[in-house]
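Participant: Make a model of this:
(2 chains)
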Number of protein chains: 2
Amino acid sequence: MRDFNYYAPTQVVFGEHSEEQVADLVRKYGGHKVLVHYGGKSAIKSGLLDKICSLLKSGGLEMVQLGGVVPNPRLSKVHEGIELCRREGVDFLLAVGGGSVIDSLKAIAYGVPFDGEVWDIYTGKAEPETSLPVACVLTIPAAGSEMSDSSVITNEDGDYKIGYSNNLCRPKFAIMNPCRTFTLPPYQTAAGVTDIMMHTMERYFSHDNDMTLTDAVAEALLRTMKQCIFAVLKDPEDYRNRAQIMWGGSLAHNDLTGCGLQGDWATHQLEHELSGMFDVTHGAGLAAVWPAWARYVYKEDVSRFVQFAVNVMDVPNDFSDPEGTALRGIEAVENFYHAIGMPARIHELLGRDVTDEEIREMARKCSQDGAITVGSFKVLAREDMEAVYKLAR
Amino acid sequence: MRDFNYYAPTQVVFGEHSEEQVADLVRKYGGHKVLVHYGGKSAIKSGLLDKICSLLKSGGLEMVQLGGVVPNPRLSKVHEGIELCRREGVDFLLAVGGGSVIDSLKAIAYGVPFDGEVWDIYTGKAEPETSLPVACVLTIPAAGSEMSDSSVITNEDGDYKIGYSNNLCRPKFAIMNPCRTFTLPPYQTAAGVTDIMMHTMERYFSHDNDMTLTDAVAEALLRTMKQCIFAVLKDPEDYRNRAQIMWGGSLAHNDLTGCGLQGDWATHQLEHELSGMFDVTHGAGLAAVWPAWARYVYKEDVSRFVQFAVNVMDVPNDFSDPEGTALRGIEAVENFYHAIGMPARIHELLGRDVTDEEIREMARKCSQDGAITVGSFKVLAREDMEAVYKLAR
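Facilitator: The predicted structure follows:
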């Protein structure tokens, strides 16, 4: 078991009428002039953007808007936001959307008071000393960015997608109304749940297997998500199950499910290159990579994969054949992905085979030209990355 | 399912070497002159108090000490602390101990800047507008006060024990080193685990039974505690299991296990009168009351008690006899209490029968002379309180 630091200070305001509190919350956390940051047409079409803006206005707050954030959010939009905030004297940042919008906003939060190029923070060349306060009205349960310290930005100049973590940008508050997720299409819903589960699975596959409370909570969360997704695919307006998924997305990535464990983020890092190169949905990309990663690494600790198979995937434990049980757990994940409309291989994701050339290029980027490894359950060097991509193709 | 607000901003620094960070943490949260608040001889004998004080000193911080906090902490000690802090210009409050020390300190935190009698805050006659910052070095996993918004104080003038909750006094940080719990005697250890489990059980027994993620997390926590206690009773220096209990104590009472549920705090309120009158260990008092409470109320929702019996207490589900399953779950709790050295009735707790007169007096106080009810799973009026105490005798 590892020593750990747990810090999840975001105030979560959860429920059907939670949006009504937005102006009070902004004022409580010191905001006067707000950047309202959003993505595309869905926030406009649903009326949510209008509602939030008029609540802020009637709450006596000034605001400016910046829309147009796309999935795998771009550095150019971050630059635009930094410019706008400086010009307008914005002192509070509010995202209305999902992970891409929140992540873009976190980068803006670092960038506004930072004297330099914000991308240098993501590449590790610079460290932010402060940031503007960030908060969100969540519409897509997936990234967990609403309680996390992390954000992921894509530099379109070279298609580099890099994540950066710092407690400075943990959102002050997160407003979560499950009704706002009713209109999410099935594919986005399933990709979101895949991402949520993966945030916990990447923590779970660890050689630290003596933190039984963390394991029990993680398994509880994974089992619940695995169950709820079928209900909402059947009935998109199932409030009860939409609520579990929405709250699950936050708990899966606010560090609760990793307390005392080292964690292994290889699947995320391998996927970042996939969505950086092909602009696919992050959750679907994770589903396409994880089974191959699992088959490549499971022998590092078969018992951990047996525990996962039995406690999460409901695979009967064949005590005489741990390896078989472990592999049946991986198969059960593949079957689960297919059942919810997710891919379990890259060709299912892209609709075509990935070429050897593309695999080499992704492994080159992921390993930073061979300079770094990823993962800890099994440490993956550049050639291992190529092997996993090939297994996943 | 209920709308909810989840806010648990305490920074948890967990592990064997966590104490080393105490001075940095106090400075990070704005402290210059620290009141170090502690209980009795154990903090001195173990060397922990000395260690903390010398770490603060070498970290450039001033300090004053106030010891002598007793279980079921007294208002007079709170007054003494308020006086001392005002006189010495203390700006940061650090508890070294368990729930009683932290709760006493929270009352001091309200009292120092408050122009009036601090007890009025507990009785609801006054509301604090601010408080001094509070933090702790935890030594007893039980009360969960290290991450909670609540504190319970006993006014020895009439033996009133009253709890008060306010986010103002959520600790800024909590240092948790499981090694510090190795010397806890078996009775205190078991009473602590009983208290921890009860903090989650009081939230769990709710008519809001559609928050499946909260249920799953709560059941995971309860099962883990139920298992770990036997390991530490066998080997008090079992770091792994001491760690689960220590972290479980925080998660059981930082509101995580109650998100979306109304909760029912009747057992706690009935017990407060018991420990107010007889000065017994809080956790043991809860064990003496809960089985009677459960038998008195289970018919309000048999299925909830069946879920608890099966998912937490490992009672086989007799599908043809839900009531029998529910009752076997309550029996299983009684057997569990006995197995860990806890009482399951008041006479086992006190070593004598409680009199009708004493029962009437406890119900009178608990109901504030019949003015209030307690609980929500079943609302208990004064006569119900008497009935539960009688069942529990």
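
Participant: Every contact and neighbour count from this point should use C-alpha atoms.
Facilitator: Will do.

Participant: State the distance from whichever residue of the stretch 1-150 of chain A sits closest to chain B to B:Gly99.
Facilitator: Using CA to the nearest CA, the single residue of the stretch 1-150 of chain A nearest to chain B is A:Pro9, 3.7 Å away. Distance, A:Pro9 to B:Gly99, by CA to CA, to the nearest Å: 22 Å.

Participant: Could you check which of the two is surrounded by more residues?
Facilitator: Ranked by neighbour count (other CA atoms under 10 Å in any protein chain shown), A:Pro9 and B:Gly99 place B:Gly99 first, with 26 against 20.

Participant: Tally up the residues packed near A:Val354, please.
Facilitator: A:Val354 is flanked by 15 other residues according to other CA under 10 Å.

Participant: can you give me phi and psi for A:Lys161?
Facilitator: A:Lys161 has phi and psi values of phi -120, psi 120 when expressed as degrees, to the nearest 10.

Participant: Am I right that it is in contact with A:His272?
Facilitator: Yes. Applying CA atoms under 8 Å, one finds A:Lys161 in contact with A:His272, separated by 6.0 Å.

Participant: which of those two has more neighbours?
Facilitator: A:His272 (29 against 26).

Participant: end-to-end on stretch A:140-154?
Facilitator: 19 Å.

Participant: Give me the contacts around stretch A:88-101.
Facilitator: Contact partners of stretch A:88-101, identified using CA atoms under 8 Å, 6 or more residues apart in numbering or on different chains, comprise A:26, A:30-39, A:43, A:49, A:63-64, A:69-73, A:85, A:102, A:105, A:109, A:132-146.

Participant: go with 6 Å
Facilitator: A:31, A:33-38, A:69, A:71, A:73, A:102, A:133-140, A:143, A:145 (CA atoms under 6 Å, 6 or more residues apart in numbering or on different chains).

Participant: Now, those that are in strands?
Facilitator: Among the contacts of stretch A:88-101, the members falling in strands (DSSP state E) are A:Lys33, A:Val34, A:Leu35, A:Val36, A:His37, A:Tyr38, A:Val134, A:Ala135, A:Cys136, A:Val137, A:Leu138.

Participant: buried stuff in the strand or helix carrying A:Gln269?
Facilitator: Counting by DSSP states H and E, the element that carries A:Gln269 is helix A:266-278. For helix A:266-278, the buried set under the neighbour-count rule, 16 or more other CA atoms under 10 Å in any protein chain shown, comprises A:Ala266, A:Thr267, A:His268, A:Gln269, A:Leu270, A:Glu271, A:His272, A:Glu273, A:Leu274, A:Ser275, A:Gly276, A:Met277.

Participant: Tabulate those residues in CSV, adding columns for distance to chain B and pLDDT.
Facilitator: Listed next are the buried residues of helix A:266-278 as CSV, based on distance: CA to the nearest CA, whole Å; pLDDT from 0 to 100:
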residue, distance to chain B, pLDDT
A:Ala266, 26, 96
A:Thr267, 25, 97
A:His268, 25, 94
A:Gln269, 28, 94
A:Leu270, 30, 96
A:Glu271, 28, 96
A:His272, 29, 90
A:Glu273, 32, 93
A:Leu274, 32, 94
A:Ser275, 30, 88
A:Gly276, 33, 84
A:Met277, 36, 90
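
Participant: Name the residues of chain A found near chain B, please.
Facilitator: Chain A comes close to chain B at residues A:3-9, A:11-15, A:213, A:216-217, A:220, A:244, as judged by CA under 6 Å from any CA of the partner chain.
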